[in-house]
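*Asks:* Below: sequence and its predicted model.
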Amino acid sequence: MLNRISSFHHYQAVQNDLRRQENKVHHNQAQLASGKRLVEPSEDPLATHYIQNVGQQTEQLKQYVNSIVLSRNRLEHQEVIVANAEQYIDEAKRTVMEMINGSLAPEDRVAKQREIEELFDNMVSLGNTQDESGNFIFSGTKTKVQPFFRDKEGNVSYAGDNYQRKMRISAGLEMPINDPGNQVFMQIDNPFGDYDPKYQLQEGSELLLERATNLDSQDQSSYRLTFVDMPSGNYGYQLEKDGSVVQADEFNPSQPIQFENLSIQLKGQITKGDVIELEPKQTFTMFDTFKRARDLSEGSVSDASNTAELHQVTQEMHAAFIHFNKARSDLGARLSTLDIQEHQHEDFLVTLAKSKSTFEDLDYAAAVVEFNENTRALQASQLAFGKAKDLTLFNYI
């Protein structure tokens, strides 16, 4: 009896091997075409999950970088505006000092008044600056509302709010990209302390308030200081609080006038009958200072009170210059923070890219070697399949 030769098992084994080799070659081709080691997520689920997380982190970091670029543009624009405001204030201060000099002719004084008016207009225009999107920079969060309005008398009011717009530049940091206009232009520390002086000086007087402070923050009373002659030949003073005399004494120029928590420091030459009224005032607005400078420029050089108030204007402008300089420094600090965060994000993006590459990118040299080996194996399998296909009993009968 002849033994039966079964060809089915050999045929099926060679066919399965052929398919396996074809799949390997196709996989190698897909790897080489895409440049990725992982063609299907099922090949390495853990690595795929890691790559997805890295991708999400990368997209988040790119959003932060975009936010930093936008924030930098906003802050740099505001920095230019603040720098221009400093320049206008400095020019106005120099103009007022020329008017105090007393050497100007009436027509020259009128010309200086026009200069002040022009600088005043420029300051209001700066306060109403818009960005490239048409949003008002200094209106707080009311970006579509014009922040500053000026009436016929030159009084300026604020229509924005007190809030800042913020941009998230990292997981735990938001950057303010604007400052409310009232804080920038209208809340400047009073250089005279806690009070605003009003002068009623006699001709030839050079009396000026240097500083008046009150340690009692609840005291909102108005004070009036009047200077008189004393029998000793020195000057005396009378201090009134809300219209009532509370203190009278001989004036000692080397010491401040003290009453309870109030301290008043003076300078300059006193004349009998000089009066200084003190109204509580913690801050002042730059716009009011420009308005006062414009109005006072119409006064006479011989008017001691007018000259004293012009001195006050120069002091306020000096304080405003310092205020805007601090604002510009704060903007510079924010810009520096943006630079630091941007460098950190860029470094982290590089680190993530390297880490992702370790799991995802293909080693072309190894892949080409594997592709060649699998191709040769496929050719061998195809040859074996051809041999097995022709293997029947009839070939041996």
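*Replies:* Structure's in. What do you need?
*Asks:* In the stretch 1-150 of the chain, where is pLDDT below threshold?
*Replies:* 1-51 (pLDDT under 70).
*Asks:* in it, which spans are helices?
*Replies:* Using DSSP state H, counting those that start in this stretch, the helices of the stretch 1-150 of the chain run over residues 8-34, 45-101, 106-127.
*Asks:* Who does residue 176 form a beta bridge with?
*Replies:* With DSSP bridges as the criterion, residue 176 is bridged to residue 166.
*Asks:* I'd like to know how many residues surround it.
*Replies:* Neighbour count of residue 176, defined by other C-beta atoms under 10 Å: 16. Placement of C-beta: from N, CA and C, glycine included.
*Asks:* swap in the one 4 residues further on?
*Replies:* Residue 180 has 22 neighbouring residues, counting by other C-beta under 10 Å.
*Asks:* Isn't it up against residue 138?
*Replies:* Yes. Counting by C-beta atoms under 8 Å, residue 180 does reach residue 138; the two are 6.7 Å apart.
*Asks:* For residue 208, give me phi and psi.
*Replies:* Backbone torsions of residue 208, given as degrees, to the nearest 10, read phi -140, psi 150.
*Asks:* next one: residue 232
*Replies:* According to degrees, to the nearest 10, residue 232 has phi -80, psi -10.
*Asks:* Thought residue 249 was touching it, still the case?
*Replies:* No. Contact criterion C-beta under 8 Å: residue 232 and residue 249 do not qualify, at 11.9 Å.
*Asks:* Same drill for those two, tell me which one is more crowded.
*Replies:* residue 249 (13 against 8).
*Asks:* Dihedrals phi and psi, the more buried one?
*Replies:* Note on residue 249: backbone dihedrals following degrees, to the nearest 10 are phi -170, psi 170.
*Asks:* Can you name the residues bridging to it?
*Replies:* According to DSSP bridges, beta-bridge pairing links residue 249 with residue 237.
*Asks:* Equivalent analysis for residue 245, please.
*Replies:* residue 240.
*Asks:* now it: how far from residue 221?
*Replies:* The gap separating residue 245 from residue 221 is 13 Å, by C-beta to C-beta, to the nearest Å.
*Asks:* what about those two, which has more around it?
*Replies:* Higher neighbour count among residue 245 and residue 221: residue 221, with 17 against 11, using other C-beta under 10 Å.
*Asks:* contacting residues for the more buried one?
*Replies:* Counting by C-beta atoms under 8 Å, 6 or more residues apart in numbering, residue 221 makes contact with 241, 242, 280.
*Asks:* what about the last one, how many neighbours?
*Replies:* Residue 280: 16 surrounding residues under other C-beta under 10 Å.
*Asks:* Next up, phi/psi of it, please.
*Replies:* phi -60, psi 130.
*Asks:* For stretch 293-305, list the C-alpha coordinates in PDB.
*Replies:* Taking C-alpha atoms only, stretch 293-305 is exported to PDB below (Å, rounded to 0.1, in the frame of the first residue of the first chain):
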ATOM      1  CA  ALA A 293      -1.200 125.500  34.300                       C
ATOM      2  CA  ARG A 294      -3.200 126.800  31.400                       C
ATOM      3  CA  ASP A 295      -5.500 129.000  33.500                       C
ATOM      4  CA  LEU A 296      -2.700 130.300  35.700                       C
ATOM      5  CA  SER A 297      -0.700 131.400  32.600                       C
ATOM      6  CA  GLU A 298      -3.300 134.200  32.300                       C
ATOM      7  CA  GLY A 299      -2.300 135.600  35.700                       C
ATOM      8  CA  SER A 300       0.100 138.500  36.400                       C
ATOM      9  CA  VAL A 301       3.700 138.000  37.100                       C
ATOM     10  CA  SER A 302       3.300 140.300  40.100                       C
ATOM     11  CA  ASP A 303       0.500 138.200  41.600                       C
ATOM     12  CA  ALA A 304       2.300 136.300  44.400                       C
ATOM     13  CA  SER A 305      -0.600 133.800  44.800                       C
END
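*Asks:* which residues are in contact with that stretch?
*Replies:* 92, 95-96, 99, 102, 104, 109-110, 112-113, 116-117, 120, 154, 199-207, 271, 306-307, 309-310, 313, 317.
*Asks:* Counting neighbours, what do you get for residue 314?
*Replies:* With neighbours defined by other C-beta under 10 Å, the count for residue 314 comes to 20.
*Asks:* How about residue 101?
*Replies:* Counted with other C-beta under 10 Å, residues neighbouring residue 101 total 9.
*Asks:* go on, the one 5 residues further on?
*Replies:* Neighbours of residue 106 under the rule other C-beta under 10 Å: 9.
*Asks:* Over to the one 4 residues further on?
*Replies:* Around residue 110 sit 13 other residues, with neighbours defined as other C-beta under 10 Å.
*Asks:* State the pLDDT value of the closest residue to it other than its chain neighbours.
*Replies:* Nearest in space to residue 110, with sequence neighbours left out and distances taken as C-beta to C-beta, 6 or more residues apart in numbering, is residue 297 at 7.9 Å. Model confidence at residue 297, given as pLDDT, is 87.
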